[in-house]
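Q: Dropping the sequence and predicted coords here.
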Amino acid sequence: METQISEITRRNIFDFLQVENLWWPGRLDETEFLSRIFDLKNMPSNDHRFDNAEGDIWQHRVNNPNDWTDNWIFNDERFNLLRGDDAIFLNFLCEMIHPIVRADSTEVNRMLQIYNDNLSDDNFEIVEKTKISGKPIFIGRPKLMGKETIERKGNELKLILNEQYVSQQITLMESSIENAPHISIGLAKELIETCCKSIFEERSQSYDKNWDLTKLMKETTKLLKLTPEDIPNETKAATSIKQILGSLCSVVQGIGEIRNEYGSGHGKVGKFKGLQPRHAKLAVGSASTLAIYLLETHQLKLERL
């Protein structure tokens, strides 16, 4: 079985945890923790007196707790955390910071930092997937290519739009790309809609709430005087500028159509098959770039008034 997370990375993570004195099963006992990931009753025992791994773990860590070192799990070949399946290794890391296992948020944040500092070299990451009782639940996954670009665009948008809204939208889009691409696509469409409507409101202009995304975009470009007709022919590179501006509505139309077919917000038939993460990345990247362009243009023209 080929793995992508190197043994060096795994050893580094385990070494850091030991140096920081971070107890791997948290507030659970070792058997209880491992049972969340492995079927201990069907795993072999290394002690002939017991039928399975559950029995010999009890014998050597509960009945005689000094038989094995506290961090025996990291080198036990039955669990193969140093060289085994990437998904099992990532799941093990995530379980260590699950709210049932670890209540101290400071410890969780420190462990998450250790994880991602080391996993980054192998292009993996641990990210928040959802929450339970206000506490984060994490998932391991290949690191998103282009994630830094999305974050950078989010920071640019925060300077223009409401920071809390942008932070939430960018976080939701980015976190949904891999596991729920349809949600990212729906949020990309919503981001463009919000930007356009914000421009109308800041200019004290009215818009029709019944406009679809394409119509809203066309009216926004008219309001900003960004239509090809607004570019005089004598302007340097006028043809190129007109081509770019003429493409804006095409981009929006495309995102709107993808959202209607594959995004969130519409019921799907039983045989529905969603798009892949790379398609969501394209929609999110396009929407973020377009939103920044529209809002920067809006601000620049307001300053000139």
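A: Sure, I can see it.
Q: Only C-alpha atoms from now on, for both contacts and neighbour counts.
A: OK.
Q: Any stretches of the stretch 51-200 of the chain with poor pLDDT?
A: Counting by pLDDT under 70, the stretch 51-200 of the chain contains low-confidence residues at 144-171, 175.
Q: quick one, strands of it?
A: 124-132, 135-142 (DSSP state E, counting those that start in this stretch).
Q: Just want to check the distance between the residue of the chain most remote from its centre and residue 58.
A: Residue farthest from the centre of the chain, counting by CA atoms, centre = their mean, is residue 49 at 46.4 Å. According to CA to CA, to the nearest Å, residue 49 and residue 58 sit 12 Å apart.
Q: got a list of what the residue farthest from the centre of the chain touches?
A: Residue 49 makes contact with residue 56 under the criterion CA atoms under 8 Å, 6 or more residues apart in numbering.
Q: Make residue 1 into 824 and carry on from there
A: Right, with 824 as the first residue, what we last looked at is residue 872.
Q: So which of the strands of the stretch 874-1023 of the chain is nearest residue 849?
A: Closest to residue 849 of the strands of the stretch 874-1023 of the chain, according to CA to CA: strand 958-965, at 15.2 Å.
Q: Just checking: what are the partner strands of the closest one?
A: Applying DSSP bridges, strand 958-965 is found paired with strand 947-955 (antiparallel).
Q: For the strand it pairs with, what is the distance to the chain centroid?
A: Distance of strand 947-955 from the chain centroid (CA atoms, centre = their mean, to the nearest Å) equals 7 Å.
Q: could I get that strand in PDB with only the CA atoms?
A: Provided in PDB are the C-alpha atoms of strand 947-955 (Å, rounded to 0.1, in the frame of the first residue of the first chain):
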ATOM      1  CA  PHE A 947      -2.000  17.300   3.900                       C
ATOM      2  CA  GLU A 948      -3.900  19.300   6.500                       C
ATOM      3  CA  ILE A 949      -6.300  18.900   9.400                       C
ATOM      4  CA  VAL A 950      -9.300  21.300   9.100                       C
ATOM      5  CA  GLU A 951     -12.600  21.900  10.900                       C
ATOM      6  CA  LYS A 952     -15.400  20.100   9.300                       C
ATOM      7  CA  THR A 953     -18.400  20.900  11.600                       C
ATOM      8  CA  LYS A 954     -19.200  21.700  15.200                       C
ATOM      9  CA  ILE A 955     -20.900  19.800  18.000                       C
END
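Q: buried ones in it?
A: Under the neighbour-count criterion of 16 or more other CA atoms under 10 Å, strand 947-955 has 947, 948, 949, 950 buried.
Q: So which of these is the closest to residue 886?
A: Distances from residue 886 to the buried residues of strand 947-955, taken by CA to CA, are shortest for residue 949, at 34.9 Å.
Q: Chain neighbours aside, what residue packs nearest to the closest one?
A: Using CA to CA, 6 or more residues apart in numbering and skipping the chain neighbours, the partner closest in space to residue 949 is residue 963 (4.4 Å).
Q: Quick check: that neighbour touching residue 942?
A: No - if you go by CA atoms under 8 Å, residue 963 and residue 942 don't touch, sitting 9.8 Å apart.
Q: shared neighbours, these two?
A: With CA under 8 Å, 6+ apart as the test, residue 963 and residue 942 both reach residue 948.
Q: Pull the number of nearby residues for residue 1025.
A: Residues lying near residue 1025 (other CA atoms under 10 Å) number 11.
Q: So it versus residue 919, what's the distance?
A: Residue 1025 is 47 Å from residue 919, by CA to CA.
Q: Repeat that for residue 940.
A: According to CA to CA, residue 940 stands 16 Å off from residue 919.
Q: what about these two, which has more around it?
A: The residue with more neighbours, out of residue 940 and residue 919, is residue 919; 23 against 14, by other CA under 10 Å.
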